[in-house]
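sequence first, predicted coordinates after that:
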4 protein chains.
Amino acid sequence: MIIAKELKGKLKNIELPAVKKCAVAYSGGLDSSLGIELLRRIYKVRQIIPITVDVGQGEDEIDLAVRRAGQLKIDPLIIDCKQDFSENWLKKAIRANSDYYGYPVSTSMTRQLIAGTIASKAVELRCDSILEGSTGRGNDQFRMHNVIKMFAPDMTVLVPVRDFDLTRSQELKLCEEWGVPVEEVISGGDDKTMWCRSIASGAIALNQELPDNIWMWLVPPEKAPARPETVSLTFEQGIPTAINGRNRPLADIILELNIVAGRNGIGRIDIFEDGIMCLKSHEIYEAPAARLILTLKADLEAQCLTKEEREFKKSIDSRWASLVYHGEWYHPLKDNLDAFISQSQKFVNGSIKAKLYKGNIECIERENSTSSLFFPEVRSIESNSFDQRWCADAARIRGLPFELLAKRREKVKEGY
Amino acid sequence: MIIAKELKGKLKNIELPAVKKCAVAYSGGLDSSLGIELLRRIYKVRQIIPITVDVGQGEDEIDLAVRRAGQLKIDPLIIDCKQDFSENWLKKAIRANSDYYGYPVSTSMTRQLIAGTIASKAVELRCDSILEGSTGRGNDQFRMHNVIKMFAPDMTVLVPVRDFDLTRSQELKLCEEWGVPVEEVISGGDDKTMWCRSIASGAIALNQELPDNIWMWLVPPEKAPARPETVSLTFEQGIPTAINGRNRPLADIILELNIVAGRNGIGRIDIFEDGIMCLKSHEIYEAPAARLILTLKADLEAQCLTKEEREFKKSIDSRWASLVYHGEWYHPLKDNLDAFISQSQKFVNGSIKAKLYKGNIECIERENSTSSLFFPEVRSIESNSFDQRWCADAARIRGLPFELLAKRREKVKEGY
Amino acid sequence: MIIAKELKGKLKNIELPAVKKCAVAYSGGLDSSLGIELLRRIYKVRQIIPITVDVGQGEDEIDLAVRRAGQLKIDPLIIDCKQDFSENWLKKAIRANSDYYGYPVSTSMTRQLIAGTIASKAVELRCDSILEGSTGRGNDQFRMHNVIKMFAPDMTVLVPVRDFDLTRSQELKLCEEWGVPVEEVISGGDDKTMWCRSIASGAIALNQELPDNIWMWLVPPEKAPARPETVSLTFEQGIPTAINGRNRPLADIILELNIVAGRNGIGRIDIFEDGIMCLKSHEIYEAPAARLILTLKADLEAQCLTKEEREFKKSIDSRWASLVYHGEWYHPLKDNLDAFISQSQKFVNGSIKAKLYKGNIECIERENSTSSLFFPEVRSIESNSFDQRWCADAARIRGLPFELLAKRREKVKEGY
Amino acid sequence: MIIAKELKGKLKNIELPAVKKCAVAYSGGLDSSLGIELLRRIYKVRQIIPITVDVGQGEDEIDLAVRRAGQLKIDPLIIDCKQDFSENWLKKAIRANSDYYGYPVSTSMTRQLIAGTIASKAVELRCDSILEGSTGRGNDQFRMHNVIKMFAPDMTVLVPVRDFDLTRSQELKLCEEWGVPVEEVISGGDDKTMWCRSIASGAIALNQELPDNIWMWLVPPEKAPARPETVSLTFEQGIPTAINGRNRPLADIILELNIVAGRNGIGRIDIFEDGIMCLKSHEIYEAPAARLILTLKADLEAQCLTKEEREFKKSIDSRWASLVYHGEWYHPLKDNLDAFISQSQKFVNGSIKAKLYKGNIECIERENSTSSLFFPEVRSIESNSFDQRWCADAARIRGLPFELLAKRREKVKEGY
């Protein structure tokens, strides 16, 4: 058995930790399925507690996990965190205009939600270890590690793909040899959440054309309907609370918008992303609802926040997205940022109707709500609301620094 | 004469400055044409020096200025600053990804270029005053004031519309009475530069539908061609130097892209803008070339700058745009920012081919140039370029702060 | 009467507002005393409501105000805001490490507290105007204006010294002529609060030697005792709550520390300050308690905040101080900053004993409290708490960007 | 032999790299001396190239290195980088007001200077490896690694103390056993440069009293002379160029000021420092010249930079210090920052005379140079340079946002 041999070679220099009872972040995917088998064959633990956390990856994914579990002869504990995700994570994300250079930070959040959920459960069940399926090339290993160390600092963390330095083809061969069930649709993996779907984890080549069937929600602009569609969103304290006038829970609004915006060509993301290890990857995401919500939210903030808040909140939001991306959801600094952000949203209220057309989002009706700071009557050229002459003096005072700079230029020129 | 009377009322409390020789920022528009007449009738200067600065507003505008000048019986000095504008201003703007909350800062620049040009000329010609046509409700008065005070600190600045607190209808009546030629297309005025056209100066109501004929370059997405068009841009040190492989001066590239991108529905801007006086205005701009160039430039920076440069340059670029918007082009801080930005662009080199389709810009071919920092081979899952096991330890070290936070939580819990 | 004439000249071009009932920010000083007389003689109001706000300027100042009031035949309403100032303003300031380039922002706060108090009272009493004594060269006029416009937007604001463009000598002459009582100790004025005393409002020349008797609390280092004194402060959530182990209200701690630190040469501030109008002034302050509290607080934050919080809070604190200095205490952005800051202080707990000696503050005993993040045992060279070898890999991963930069250099060199 | 055994145990799981010719960063200290012996006994290299880089650690240190080299039977190459350090590193540092939370970043620089010098030499001499003596608990390993990977990416980096996870006592025992000469004065080590001396590398306990003889330059305030001393510094473009009017190279000025300021009690630094691994350490430094130069430099910048430059440069300087501290001197972002900083220093010119007294620095004579932006005559209360009435209108315009906020409050209250 070539691979077993190879793995044996890899194991030679590795001191295996002595663990007995292990909680597994089990998704039914390649990495976590193989992990179960490694726990049995290599780590030789006595007790395996597979835990599947439902963060809205969809029924298909959950079903798959259960089906595979049967084949693996395990009975995973399924913990439903969908409500937790939309109410406690996505609301914060929307308030923070979550944007890491074009990526609305989604897997960044769910991995931490999963890690925290499993760590707490593992402590409760007196496990001594947690196994998770990250590779050693991506961001998730860091995100999960931080959260596990925060909530279960004494737990041994097993990340076999990374710790045994396995390549994907080595993993596949091991699975074949050991009869671990695998069926992968997209090479490189795929991560779904209601907020954003990550496609192929950076494995799509730079100038590779994307086939239309790669998308789950998106209809590319050229295939999208020839007639525009309109949709109206109502925000309260920065959070969408109603769609076309109907009040709905946030999760429902997001699911509906993924369909509505997606079919109108909205939500394709194709970027260079600077990962946690400062390596650039070429990432493809689809996030129709996120794109639409964040676009309208930005327009609403432009109307309701003061100039100074808009400017300063940019740096706050940017730091927020960076912390969350880097696996630091539970960092005290993030709590501080959340406190700022939450306070800033008191007046982010109002409705916007948008026209969706082949990838374009156009705001066509903005309510000038009681929260708005847009007072066109004050500024209007025909208005008598303020005397233009005030500005003559205001300009003089504002311009004083330039008079001083001119004075200095004279001094320097004359050299006294 | 009602208006003359009204103006007389306004003048009662105003001490008119004693000026004799006045340089005029003359564009042929309503405000500066009326200014000429006010110099004659009210300020009673002896000598009027009208100066028209060509910043690429187009031949039509220049022709109009000359034609009106004939009617006003003046002979304006026309100073061609087109080259200066594209080479010394727009190159800096592009390097700085010029973006003030969605507005690519254009009039913000040309007003300062005009003010500086006229101030220098006025000093040279020994004028004692400069007249300019800003109103007292907008941003331009501040921009021009700062620059004039920097280059001609002793010059008296006359801004009659503001200083006499005239409304637009009062201006029109005065023109009628005094026979000053006027013909306005768009109410509220319009400001054209090759970089961006400002439409109606914030006078368009919030939910007013825009007629298709309001646009100069733009074909709205719904009317744009059903087939996509591709265009390729080459950047050297952050500046577009070739279009579809042909080397061209920047000004030519911009003029061509306004047409190409414009006809594909690209470049509509509809935003709330926080003006210098912190009043929000609803602004409509069209800027097809700017939108396309800045989009591809951002993609190229994502590929060629380090993660740390990308993050930090956001704050630099944001401050740059804010300074320029606020009329502080000649502020020493802007020179400092320019030095940073210029240095940062050494490796921003490469070509990108984009598909333009009904308002969408999609990067379809990115050159992985010698300047690129995208090394997919280092990160690839199948690669042997680095040992994943390194990351196990890296994760431990990166996660230390979370272990300390857990330690603190324990201390606090145990209360020792 | 030359001055009356001169004032008449000044009044010629001024349209006096028609006001009938005026609340006056009355301190007993030159500007507000003259203001009372101007209300009678020039503005000709029917009713004058003098209000003196006690913000801890000391009994002497309050007594003076009352005595002068008798001479002016007015009966000022005295509103005690000392508690408000220490509990609602200074606590926020200390949490924010209030520092505007060396100035702990004190008058910046009290002027806004005074303005808000008087504006609310003026609304309650149905006044139509508020008079305040700022000159037109300093910062206070802007601070008071903002706050009055926030709480009493319809009130006319009278600032006679500025609005009539009076110089100090003109003011003195008017007072003499009209029998307004004046006795000034320090030319240029002086502003006392418990947090910081401002000396001479920027009127002290650059290289002027300061006499020892200029100070209220401070004994200059050379005259301070030859033996050091120790003092211990306990902080809870960023606020001093005990001195030498005795729990005390914040105001009491500050008053005591002004004496203790002051007599040991601590708290002299001599800086160039960039005012609201961007004019530099040379300012002398004394603030013994503020200096000591902020120094120890900084040390405690260094111990209790995470590295990331320390770094980010710098920008928060800096913006906080800038907003407060610029008269924007009531700006929504400040509320947002306060929310961040308040959240950040949860773990800023602990005691520090300091040695005070001739201007020096040295931390000699720091409690390693339950809130501390200082864990020397983790980092100790002799410790076994973590395996140094982890760092070999961590260094490799951290160093990847430099390997990529080396790779790019090679690419560029080889020109492929 | 217990230790040899212990080391053998440690070596069991380590795959030793196959290296033949190794450049050694040799200082004569414990770690690098032991490194020489490990190269012979453990790594078994054929050729050892010890390199000692002189960065101004003083003749004593260089002599010691040479003497020890004799005992170790090696002949180190001594490369003099003193000039390079003061001209190319310290000048940048001073322009950047180098301050990492109280630490003027010194070793942070010299380690990188040493690493770069040795890496270049190693490439030139066709070495295949570099050995350096960092431990695996501090910052230096990361600094050296980054720079080596930048200039010699293919070189194997040996860091034996870390890679074999040796404690200090294990090192000492190995030295004893192998006859490696060692004599340490301060436990924990010490790092001297002309800019700042680092004492005991964080090994001093929190509340440990420091003996007076721990200092090299410093006389503690209580023992410093009873009479003040004055010193005058002249700066050109941000760099000290003359002391008491005599022009001198920067290195000479620093060396002289370490003595002058040190004997007056200036330059003691006692801080919590957040290291590269986010562990806090308690650090003691002495830096008399740095403290004095940076204090006067800050005062000069306050006088010569615009308000906006001062504010923005804070974030630039802070990022500069952070990059340098974290071993990223050669990062492109630092080049960008240097470009900003260099441009900002054009007008930082002038002389300041300071009084030094028992730890206090007081500016007693500031030249109001041609570069200064301090124009007291413009702001003076008695001046006629500007009309105070301008400010009435300026205050109205500045206060508009607060009127709008009041308008919004009304809207919300009335609920329309």
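Thanks, I have the structure now. Numbering: from 1, shown residues only, chains lettered A, B, ... in the order given.

burial measure for the one residue in the stretch 301-416 of chain A that gets nearest to chain B, as a count.
As assessed by CB to the nearest CB, chain B sits closest to residue A:388 within the stretch 301-416 of chain A, at 2.6 Å. In short, each C-beta sits where N, CA and C put it, glycine included. Neighbourhood size, residue A:388 [other CB atoms under 10 Å in any protein chain shown]: 23.

so what's it closest to, chain neighbours aside?
Residue nearest to residue A:388 in three dimensions, not counting chain neighbours: residue B:136, with 2.6 Å by CB to CB, 6 or more residues apart in numbering or on different chains.

number of residues surrounding that neighbour?
Residue B:136: 24 neighbours (other CB under 10 Å).

the one 3 residues further on now?
Close neighbours of residue B:139, defined as other CB under 10 Å, add up to 22.

one more: residue A:13?
Around residue A:13 there are 11 residues (other CB under 10 Å).

same check on the one 5 residues further on?
The local packing of residue A:18 (other CB under 10 Å) involves 11 other residues.

please apply the same query to residue A:295.
17.

residues contacting it?
A:354, A:361 (CB atoms under 8 Å, 6 or more residues apart in numbering or on different chains).

rerun that using 7 Å as the cut-off
The contact partners of residue A:295, by CB atoms under 7 Å, 6 or more residues apart in numbering or on different chains, come to residue A:361.

and stretch A:99-118, what's its mean pLDDT?
The average pLDDT within stretch A:99-118 is 97.

could you dump it to CSV, C-alpha only?
What follows is stretch A:99-118 as a C-alpha-only set of coordinates in CSV (Å, rounded to 0.1, in the frame of the first residue of the first chain):
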residue,chain,number,x,y,z
ASP,A,99,-16.3,44.3,3.4
TYR,A,100,-12.8,42.9,3.2
TYR,A,101,-11.6,44.3,-0.1
GLY,A,102,-14.8,43.2,-1.9
TYR,A,103,-15.4,40.0,0.1
PRO,A,104,-18.3,40.3,2.5
VAL,A,105,-16.6,38.0,5.0
SER,A,106,-18.8,35.0,5.4
THR,A,107,-16.8,31.7,5.8
SER,A,108,-14.6,33.9,8.0
MET,A,109,-17.6,34.1,10.4
THR,A,110,-19.1,30.6,10.1
ARG,A,111,-15.8,28.9,10.8
GLN,A,112,-15.5,30.8,14.1
LEU,A,113,-19.1,30.2,14.9
ILE,A,114,-18.5,26.4,14.3
ALA,A,115,-15.3,26.4,16.3
GLY,A,116,-16.9,28.2,19.3
THR,A,117,-19.9,25.9,19.2
ILE,A,118,-17.8,22.7,19.1
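
gap between that stretch and the chain center?
Its chain's C-alpha centre and that of stretch A:99-118 lie 5 Å apart, by CA atoms, centre = their mean, to the nearest Å.

residue A:235 in helix, strand or coil?
strand (DSSP: H, G, I helix; E, B strand; the rest coil).

okay, it and residue A:95: tell me how far apart.
Counting by CB to CB, to the nearest Å, the gap from residue A:235 to residue A:95 is 10 Å.

I'd say residue A:54 and residue A:77 touch.
No. Counting by CB atoms under 7 Å, residue A:54 stays clear of residue A:77, with 11.1 Å between them.

is it true that the residue of the stretch 301-416 of chain A closest to chain B touches residue B:138?
No. The pair residue A:388 / residue B:138 is not scored as a contact, 9.9 Å apart, by CB under 7 Å.

so who does the residue of the stretch 201-350 of chain A found nearest chain D touch?
Closest residue of the stretch 201-350 of chain A to chain D, CB to the nearest CB: residue A:306 (6.2 Å). Contacts for residue A:306 were tallied using CB under 7 Å, 6+ apart; they are A:373, C:331, C:332, C:333, D:401.

out of the residues you listed, which sit inside helices?
C:332, C:333, D:401 (DSSP state H).

ok, the residues you listed vs residue B:353, which is closest?
residue C:333 (42.9 Å; CB to CB).

now that closest one: how far from residue A:335?
In terms of CB to CB, residue C:333 sits 19 Å off from residue A:335.
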